[in-house]
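Undergrad: Got a predicted structure here, sequence first:
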Amino acid sequence: MKIRTSQRNDKPVWELDTGLVDEKRRYFFINPEKAAQIKLAAIESDFEAAGRRWTRSTASLKTCVIRSLDEIAERVLPLGQVWDGCQSSSKTAGPGVGKELGEAVEEVCESKRAANRRPLY
């Protein structure tokens, strides 16, 4: 990651080069230099935090994450779309949705009686 001066619309700006993100070089154009330095420090802090979390993770978790990301990439799905799908499906099948256990048991018993099953069954 680097900060350097650059020209944007014929005006001098500070260019913050964060390197490759999603296989594309990512730039921020910021004025003044102090703001660019603050942004750089924040980005570096985020990278360091992510690195610390990754290195503290277990090998099995890392393997699971990499395998999951590979499967998502094979299907050419955006990660955000996959996460949105998980969230929406958990809302429809999560707590508070469906029946109480007592209701479900009563329905099963009723359907067995309607099918002429013995009470012991």
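TA: Yep, that arrived.

Undergrad: Can you pull out the low-pLDDT segments for the protein?
TA: 90-98 (pLDDT under 70).

Undergrad: Tell me which stretches of it form strands.
TA: Along the chain, the segments classed as strands by DSSP state E run 2-8, 11-21, 24-30.

Undergrad: Dump those strands into a markdown table; add mean neighbour count and distance to residue 51 as well.
TA: For the C-beta atoms, the positions are set from N, CA and C on the backbone; glycine is no exception. Shown next, in a markdown table, are those (neighbours: other Cβ atoms under 10 Å; distance: least, Cβ to Cβ, whole Å):
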| stretch | mean neighbour count | distance to residue 51 |
| --- | --- | --- |
| strand 2-8 | 11 | 19 |
| strand 11-21 | 14 | 14 |
| strand 24-30 | 13 | 18 |
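
Undergrad: tell me the domain boundaries of the chain?
TA: What automatic domain parsing lists as the domains of the chain is 1-56, 58-116.

Undergrad: Among these, show me which one is buried the most.
TA: Across the domains of the chain, the average number of neighbours (mean count of other Cβ atoms under 10 Å) peaks for domain 1-56, which reaches a mean of 12.

Undergrad: List just the one of the strands of the chain that sits closest to residue 53.
TA: strand 11-21 (18.0 Å; Cβ to Cβ).

Undergrad: show me the contacts for residue 82.
TA: Listed by Cβ atoms under 8 Å, 6 or more residues apart in numbering, the contact set of residue 82 reads residue 72.

Undergrad: Quick check: the gap between it and residue 88.
TA: Per Cβ to Cβ, to the nearest Å, residue 82 is found 11 Å from residue 88.

Undergrad: cool, and residue 40?
TA: 36 Å.

Undergrad: and what of residue 49?
TA: 28 Å.

Undergrad: before we move on, what about residue 81?
TA: Using Cβ to Cβ, residue 81 is found at 11 Å from residue 88.

Undergrad: Surely residue 13 and residue 5 touch.
TA: Yes - here residue 13 lies in contact with residue 5, judged by Cβ atoms under 8 Å, at a distance of 7.4 Å.
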